[in-house]
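Novice: Output the structure for:
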Amino acid sequence: MKQKFSYKYYSEMIDKIINKGYIFAFFPEAENLFSKETKFVLMRHDVDIDILGSLKIAEMDAEKNVKSTFFFLIRTDLYNVFSDTGSNIIKEILNLGHEIGLHYDFSSYKKMNLNDTSKTCEKEVQVLEDWFSHRISAISFHKANDFVFKENPKISHPIVNTHMPLFANKIKYFSDSRGYWRHGNPVESEHFRRGKPLHILTHPIWWNEEDLMPQQKICLFMKRKSKILEHSIENKHKHIRIEKF
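Specialist: Now for the predicted structure:
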């Protein structure tokens, strides 16, 4: 069966969750809500590629009073959270009432032990907190390694991470990884029908105005990125003339 990943379907999915009586929570709130058997959702967005798309999702969530957490990479060639554009997007996401977290990329570092990894997590968190004057309360991991899969809490202590047993095992986890629901569609699941807590991960790159295949969405992103780069060069380096090919 074809899986839907348009903005229209995203909106419909959120409406179904709201109409079911769920509340939306941030990760540090989950343990208390879980202990009280509250019907809640952890809405998480890992920004691997498309930082512009993250603002669109943030605006859609805010329109429906949805609280979400957006996790950003600080070591990537695909976007820059410290640029004017990147910083303004993240500030706007915070102004909309959402939270931001660190998306820690293991591939940015050579193989390290648990203690070294914990220290670099702490360092990256500090950089984000200092730049945006906002406390980081959760970490998600990109290209996770054995430390994460062994569910060692020391890796992000004292900050919670999204791979901890509460978020990965006790609360039902759904992800749109690679542009497909890898664990089933959350609003078509038995857990949703029973009103059980949900942990939903989306990646903004996979959601678009049209319901396209993942490869098509990547191509659209690359075209958009090329235009942004061209515009940036023309504005910041006016002496350089861009030839059209």
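
Novice: Pull out the buried positions in stretch 50-62.
Specialist: Within stretch 50-62, the residues that count as buried by 16 or more other Cβ atoms under 10 Å are D50, I51, L52, G53, S54, L55, K56, I57, A58, M60, D61, A62. (Each C-beta comes from the backbone N, C-alpha and C, glycine too.)

Novice: just stretch 68-82 next, same as before
Specialist: Of the residues in stretch 68-82, those buried by neighbour count under the rule 16+ other Cβ under 10 Å are S68, T69, F70, F71, F72, L73, I74, T76, Y79, V81.

Novice: Stretch 188-207 now?
Specialist: By neighbour count, with 16+ other Cβ under 10 Å as the criterion, the buried positions of stretch 188-207 are 189, 192, 196-207.

Novice: Give me the subset of those residues that lies in helices.
Specialist: Helix and strand membership here follows DSSP state H; of the buried residues of stretch 188-207, those in helices are F192.

Novice: for the buried residues of stretch 188-207, which one is nearest K223?
Specialist: Checking the buried residues of stretch 188-207 against K223 with Cβ to Cβ, the nearest one is I205 at 13.4 Å.

Novice: Quick one: residues contacting that closest one.
Specialist: Contact analysis of I205 by Cβ atoms under 8 Å, 6 or more residues apart in numbering lists D48, I49, D50, G53, K217, I218, F221.

Novice: Around the fifth one, how many other residues sit close by?
Specialist: Taking other Cβ atoms under 10 Å as the neighbour definition, K217 ends up with a count of 21.

Novice: Over the helix or strand hosting it, what's the mean pLDDT, rounded is fine.
Specialist: K217 belongs to helix 214-236 when assigned by DSSP states H and E. On average, the pLDDT along helix 214-236 is 79.

Novice: could you list every residue that touches I93?
Specialist: When contacts are taken as Cβ under 8 Å, 6+ apart, I93 is in contact with S54, L55, A58, F70, I100.

Novice: Tell me which two of those sit farthest apart.
Specialist: Taking Cβ to Cβ as the measure, the contacts of I93 span a maximum distance of 12.0 Å, between L55 and I100.

Novice: coming back round to it: hmm, which two among the buried residues of stretch 50-62 are most spread apart?
Specialist: Once Cβ to Cβ is applied, those give D50 and A62 as the farthest pair, at 18.0 Å.

Novice: Could you double-check that A62 lies in contact with N95?
Specialist: No. Assessed by Cβ atoms under 8 Å, A62 is found out of contact with N95, at 9.2 Å.

Novice: What is the distance between the least confident helix or strand in the chain by mean pLDDT and the centre of its chain?
Specialist: Least confident element among the helices and strands of the chain, by mean pLDDT, DSSP states H and E: helix 146-149 (a mean of 74). Helix 146-149 has its average C-alpha position 20 Å from the chain's average C-alpha position, going by Cα atoms, centre = their mean, to the nearest Å.

Novice: Could you do stretch 142-149 as well?
Specialist: Taking the mean C-alpha point of stretch 142-149 and that of its whole chain, the gap between them comes to 17 Å (Cα atoms, centre = their mean).

Novice: Need the contact partners of it.
Specialist: Outside stretch 142-149, the residues touching it (Cβ under 8 Å, 6+ apart) are 46, 48, 73, 103-107, 114, 117, 141, 155, 161, 163.

Novice: for those residues, which one is nearest G179?
Specialist: Nearest to G179 among these, counting by Cβ to Cβ, is D48 at 11.6 Å.

Novice: Pull up the gap between the nearest residue to the closest one once chain neighbours are set aside and K170, please.
Specialist: Taking Cβ to Cβ, 6 or more residues apart in numbering as the measure, D48 lies nearest to H203, with 5.6 Å between them; neighbours along the chain are not counted. Here the criterion is Cβ to Cβ, to the nearest Å. By it, H203 lies 23 Å from K170.
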